[in-house]
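Visitor: No letters, just coordinates:
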């Protein structure tokens, strides 16, 4: 599969149009902090959110959803059971799924759960450098949700995780890096104010699930979602770089970002 | 009771003034995605939200609240128990209550719970066409939170539910329909961007509970809440039809919408 | 310790700069309604939120966090267990912690829990007059989250609580009052629209935890957080006094409020 920047840009543009024309149904088992923003981000970009996150429903739903996000940010007991139902059901049904191992490392409930989910082979893993290293059991984790490692520190861990899962791993940072274990793609859009909006990263995990629903190749899906989201962030930051109004502008920009905006602005290498 | 459009408009105007002058205390047992937006919508329109949704408190509180919303969007075990406490307590105390059977149909936890709550005779049921049909056991439900049936498909189901409960049933759609089993009222305000804001419908359920607190007749309460909310949506969409800024403008408009706006804009038939 | 208004203003300015330069990690065990807004408010003012609120993690995290908020607004069983883990762990580690006893009084789950937490000696208690009186077992509580008592009614209760805990107690109202049992400080910034935004008060509890992380004296920390937050509210209300756009402007203002704004606007007596 060709992974030149130009091919990835074209694939990103096609994926954006496919999300908007098919409105993939994205199931989210995600944390209580960002769940509303995540649903709004999915709606804005053209997908359809469904936060079905209780046991005895999550597995059934994963069989009919177009994509699934599992985010461990505030993983209550019911959500943990729901995640362990949904991930195998998604895999069995061919539903792509994304794992976001928020703040794993030292915390003793979410960390073993993340390892268990990792071994179920997520289509895409998304995290900051410390989370990716902890998921690969190569680091001790960060400071709460903040990374204490650099993206480059985490690249070997990301490659290793991607080879084991057969999917893609995305490391968030000032430059976002996506790898499938072989290719390494770097994306340099986005704005620092994105780190001042809660759910700025978590919502991207959900959007990756939406793009994976319309893009069979996991690396391409992760790249496309990242590029659309961070180009939208660039557009939003031009309206306001203050956190409250930026978050509003980001939702607006996700609904407006066009294939031409991607052509003009996406920085993929 | 007279149900001419003119009488309903006058009743809507009176109800809006009554909500603002009495600030009804609306208990919400609702889903994690929309809970913040719902509280803000209640505050904006002039009501007082109280999200008392844990067992051993929900029933007590339903006895003192002015109105109650039960929304099944992410119904954790504690919320299910709280709902089954609160609904009978509300009925016993004469507190009007609204049931929003989000995404029922195929999902095996919420669907029987919704049927159980239906049999406790909610004052108002609010849902999309697929949800209303599934609640009446006349359909298989929709696609997640999206309806796959038309409002007209669901009208017979809504009439049947309303006759059984003695209350009103509201079917949301491009035209909203409210019935008490006999009268059928159609409301044609609102804007498509409302479907791009998570909680756009769920918040209306809470506002129906606020209006039911000041309006004894359930059909009138459901019509009044729908009219106020969708006229506010029209006002908001004139400021912005992009989803992030529209959601902000909707809260602003709920606080500003006036009896004159209703007179000029409400489309009730 | 000097508690003249001028000294408190200087301490507030220093605390704001310290929050921005050190980004204290604030653990929140808080209610589902306001959790997103609270995280955004912390980020905006310069702190780092971490909503670690599940048993077996909450206690561990409280040992490494810079500050802790326990808010009882929608206290599910897991959050209650997490709170009872985290409060002693915070105390043992010297982590300052804030208790916000939302809507206690008549409700039988949260009220005894609040009393239990009170006896663990929170650094700061924050509540409206009815909540403070109920925490001191001197009143029956308010109307849901609304106070039915005046701030002056609650001052004796607040003094008594502060003497017992060795910390500070803040009573929210049109004028906010903070006491450590001896000194009484009154702060008169803020705007009525703040009561129309859900989480308007709850987010202040989290910001108090952030300021307590950089300010050893609890009374000074509570005063500084209140002053920064309510001066930001004044700035925001100048942009809009409508609830949706005010909430957005408040986050913007929390990121922009300066030591000069405090000097010009803070009303501390």
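Guide: Nice, thanks for sending it over. What you are looking at is a predicted structure, and each value in this text was computed from that prediction instead of being measured. Residues are numbered from 1 along each chain as shown, chains lettered A, B, ... in the order given.
Visitor: Not counting its neighbours along the chain, what's nearest the one residue in the stretch 1-150 of chain A that gets nearest to chain C?
Guide: Nearest residue of the stretch 1-150 of chain A to chain C: residue A:144, at 3.5 Å (CB to the nearest CB). C-betas here are computed from N, CA, C, even on glycine. Setting aside the residues directly before and after it, residue A:144 is nearest to residue C:50 in space (CB to CB, 6 or more residues apart in numbering or on different chains), at 3.5 Å.
Visitor: again, but for residue A:250
Guide: Taking CB to CB, 6+ apart as the measure, residue A:250 lies nearest to residue A:236, with 4.2 Å between them; neighbours along the chain are not counted.
Visitor: my guess is that neighbour contacts residue A:252, does it?
Guide: Yes: applying CB atoms under 8 Å as the test, residue A:236 and residue A:252 come out as touching, 7.1 Å apart.
Visitor: before we move on, back to that, and the residue nearest to residue A:250, how many neighbours?
Guide: The number of residues packed near residue A:236 is 27, by other CB atoms under 10 Å in any protein chain shown.
Visitor: what helix or strand is residue A:208 on?
Guide: helix A:202-214 (DSSP states H and E).
Visitor: Show me what the mean pLDDT comes to for the following helix or strand past that helix.
Guide: On the C-terminal side of helix A:202-214, the nearest following helix or strand under DSSP H and E is helix A:218-239. Per-residue pLDDT values over helix A:218-239 give a mean of 98.
Visitor: if we can go back for a sec, for the residue of the stretch 1-150 of chain A closest to chain C, which residues are in contact?
Guide: Remark: with contacts taken as CB atoms under 8 Å, 6 or more residues apart in numbering or on different chains, residue A:144 is in contact with A:103, C:25, C:27, C:48-50, C:52, C:61, C:65.
Visitor: wait, which of those is closest to residue C:196?
Guide: In terms of CB to CB, no member of the contacts of residue A:144 lies closer to residue C:196 than residue C:49, at 23.2 Å.
Visitor: For chain A, which residues score under the pLDDT cut-off?
Guide: Applying pLDDT under 70 to chain A picks out residues A:1-2, A:140.
Visitor: Where does it get nearest to chain B, which residue?
Guide: In chain A, the residue that lies nearest chain B is residue A:251 (2.9 Å; CB to the nearest CB).
Visitor: Tell me where the stretch 101-250 of chain A has helices.
Guide: Along the stretch 101-250 of chain A, the stretches classed as helices by DSSP state H, counting those that start in this stretch are A:110-118, A:129-135, A:151-165, A:202-214, A:218-239, A:243-256.
Visitor: looking at these, which is buried most?
Guide: Each of the helices of the stretch 101-250 of chain A was assessed for mean neighbour count using mean count of other CB atoms under 10 Å in any protein chain shown. The highest is helix A:202-214, with a mean of 30.
Visitor: Can you name every helix or strand that it contacts?
Guide: Identification of packing neighbours for helix A:202-214 by 3 or more CB pairs under 8 Å, 6 or more residues apart in numbering or on different chains; DSSP states H and E yields helix A:5-22, strand A:25-29, helix A:35-45, strand A:67-71, strand A:97-100, strand A:124-128, helix A:218-239.
Visitor: change it to 6 Å
Guide: helix A:5-22, strand A:25-29, helix A:35-45, strand A:67-71, strand A:97-100, helix A:218-239 (3 or more CB pairs under 6 Å, 6 or more residues apart in numbering or on different chains; DSSP states H and E).
Visitor: residues in contact with the shortest one?
Guide: Read it as strand A:97-100. Strand A:97-100 is touched from outside by A:68-71, A:90, A:117, A:122-126, A:205, A:208-209, with contacts defined as CB atoms under 6 Å, 6 or more residues apart in numbering or on different chains.
Visitor: Okay, now the sheet partners of it, with direction.
Guide: In the sheet containing strand A:97-100, the strands it pairs with under DSSP bridges are strand A:67-71 (parallel), strand A:124-128 (parallel).
Visitor: The last one to helix A:202-214, inter-axis angle?
Guide: Between the direction of strand A:124-128 and that of helix A:202-214, the angle (axes from the mean of the first three to the mean of the last three CA atoms, to 10 degrees) works out to 160 degrees.
Visitor: One more: the first one?
Guide: Between strand A:67-71 and helix A:202-214, the angle comes out at 150 degrees (the same axes, to 10 degrees).
Visitor: Pull up the residues of chain A that are close to chain C.
Guide: When proximity is defined as CB under 6 Å from any CB of the partner chain, chain A approaches chain C at A:32-33, A:36, A:74, A:76, A:107-109, A:144-145, A:196, A:198, A:242-245, A:248.
Visitor: Try it again at 8 Å.
Guide: For chain A, the residues in contact with chain C under the definition CB under 8 Å from any CB of the partner chain are A:31-37, A:73-77, A:103, A:106-110, A:143-146, A:195-199, A:240, A:242-245, A:247-248.
Visitor: Buried only: go through the residues you listed for me.
Guide: Judged by neighbour count, with 16 or more other CB atoms under 10 Å in any protein chain shown as the criterion, the buried members of the residues of chain A next to chain C are A:31-37, A:73-76, A:103, A:107, A:109-110, A:143-145, A:195-199, A:240, A:242-245, A:247-248.
Visitor: do you know how far residue A:212 is from residue C:269?
Guide: Using CB to CB, to the nearest Å, one obtains 58 Å as the distance from residue A:212 to residue C:269.
Visitor: what's near enough to touch the nearest residue to residue A:105 once chain neighbours are set aside?
Guide: With CB to CB, 6+ apart as the criterion, residue A:105 has its nearest non-adjacent residue at 1.2 Å, and that residue is residue A:141. Residues counted as contacts of residue A:141 (CB under 8 Å, 6+ apart) are A:103-107, A:111, A:130-131, A:133-134.
Visitor: cutoff 6 Å now
Guide: Contacts here follow CB under 6 Å, 6+ apart; on that basis residue A:141 touches A:104-106, A:130, A:134.
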